[in-house]
Structures are given as structure tokens and as C-alpha cells.
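*Asks:* Let's see this in three dimensions:
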Amino acid sequence: MIINKLTYLIAELEGEVEGFVLNFRKRFNPERVTWPTDITIAGSSGIGTLSEGQDLDFVIAEIAVVLDRYSFNDVTFESLERFPDTGIYILKPSREKFDELHNAIKETQVKFNDTPWPFTPHCTLSAVQENSEDLEEVFVGARYPIAAKIRSFSLYQPETNGGCRIHRF
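*Replies:* Residues are numbered from 1 along each chain as shown. Next comes the predicted model:
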């Protein structure tokens, strides 16, 4: 199979964080409720999404070697933040292990699309462009979970109102 759509490498999370993220999305970003609770390793920032036209089996093999070397299961969250001048709210994890993994993935033979943003590991709570008083009020008072587990790493192709996991590592 050839990759022919926008494809991300994500760390799918489990634990209390799933309910926290889902509640936030239901209220402020309902079109994202079916998306996984995840931290993007390749896609929205840093090395960008996987380039189209690559053989999926090759990509899986390249990434699997890295995931075997850099595997970790525990995630600690450090803060809730908002990207300036947007309604994009995120839960930020401690980033050291994610930076190591991101850099190792970058060194594979997998090709990635350019993105203008530096790598910022995060779990998206809301991705609306316009901020609102309601969103800000809930965000400021939110008590977020401080830990989660990584259920799996996946290649994921997001689409409006959902998406498709094309491989789980």
C-alpha cells in the first residue's frame, strides 16, 4: 500500500486523560470527539506529516526499529496552555522523552512534509480558531490529570469528524 493521504505518527494515550480531553472536546470542539486522545510525534509540528507516495510497509519497518529502541509508557503532564491568539488549547507533557523519540524518527529514511512550526509535543483539547469567554473560563479553572500511559503508537490519517488508524505499533 502506498501512503496517499495526510498521515501522522501519534502516541495514543489511556487513563484519566481520555475523559478529560473528551469532555473538553464535546463542549468546545465536537467535530474532534472521535479523534484519539494523543500526542503527535510527527505531523502538526517539527518534522511534519509523512510524505505521500511512500510504501507503507517500508515506513512501518523504519519506525518500528525506532519505537523498539525508544519505547516508553509513562507520560507526565506539566501544563495547560493556549497557542497565542487562537482557541487552540493543549495539554503539554514533560517533553524530554518525546524530543528524543521525535529526533530519532527524523533520522530514519522516512520522508516528511515541511511544517513551519517547531516540535511541540502536546495533546489537543480544542482546536477552534476563535477563542471564547466560555472556553477561557473553563480552561483557566481546569484541573488536569498529571499522568497517563501510552496505549500504543499509531499511524493515523485524520479526516473531518474522525479518521483512520492505518497501523498500530
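*Asks:* residue ranges of the helices in this structure, please?
*Replies:* 16-28, 56-69, 96-106, 133-141 (DSSP state H).
*Asks:* Just checking, which helix or strand of the protein averages the lowest pLDDT?
*Replies:* In the chain, no helix or strand scores lower on mean pLDDT, DSSP states H and E than helix 133-141, which sits at a mean of 79.
*Asks:* for that helix, packing partners?
*Replies:* Packing contacts for helix 133-141, counted by 3 or more C-beta pairs under 8 Å, 6 or more residues apart in numbering; DSSP states H and E, involve helix 16-28, strand 74-82, strand 87-93, strand 123-128. Backbone N, C-alpha and C define where each C-beta goes, glycine included.
*Asks:* tilt between the lengthiest strand in the chain and helix 56-69?
*Replies:* Ranked by residue count, the top strand of the chain under DSSP state E comes out as strand 147-159. Put simply, strand 147-159 runs at 170 degrees to helix 56-69, going by axes from the mean of the first three to the mean of the last three C-alpha atoms, to 10 degrees.
*Asks:* hmm, back to that, so can I have CSV of the helices and strands packed on helix 133-141 showing mean neighbour count, distance to Glu136 and mean pLDDT?
*Replies:* Putting the helices and strands packed on helix 133-141 into CSV (neighbours: other C-beta atoms under 10 Å; distance: least, C-beta to C-beta, whole Å; pLDDT from 0 to 100) gives the following:
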stretch, mean neighbour count, distance to Glu136, mean pLDDT
helix 16-28, 17, 10, 93
strand 74-82, 16, 8, 93
strand 87-93, 21, 9, 91
strand 123-128, 22, 11, 88
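*Asks:* now the ones you listed as a markdown table including distance to Met1?
*Replies:* Below are the helices and strands packed on helix 133-141 laid out as a markdown table (distance: least, C-beta to C-beta, whole Å):
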| stretch | distance to Met1 |
| --- | --- |
| helix 16-28 | 29 |
| strand 74-82 | 30 |
| strand 87-93 | 31 |
| strand 123-128 | 27 |
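*Asks:* Any idea which of the ones you listed gets closest to Ala64?
*Replies:* Nearest of the helices and strands packed on helix 133-141 to Ala64, taken as C-beta to C-beta: strand 74-82 at 20.5 Å.
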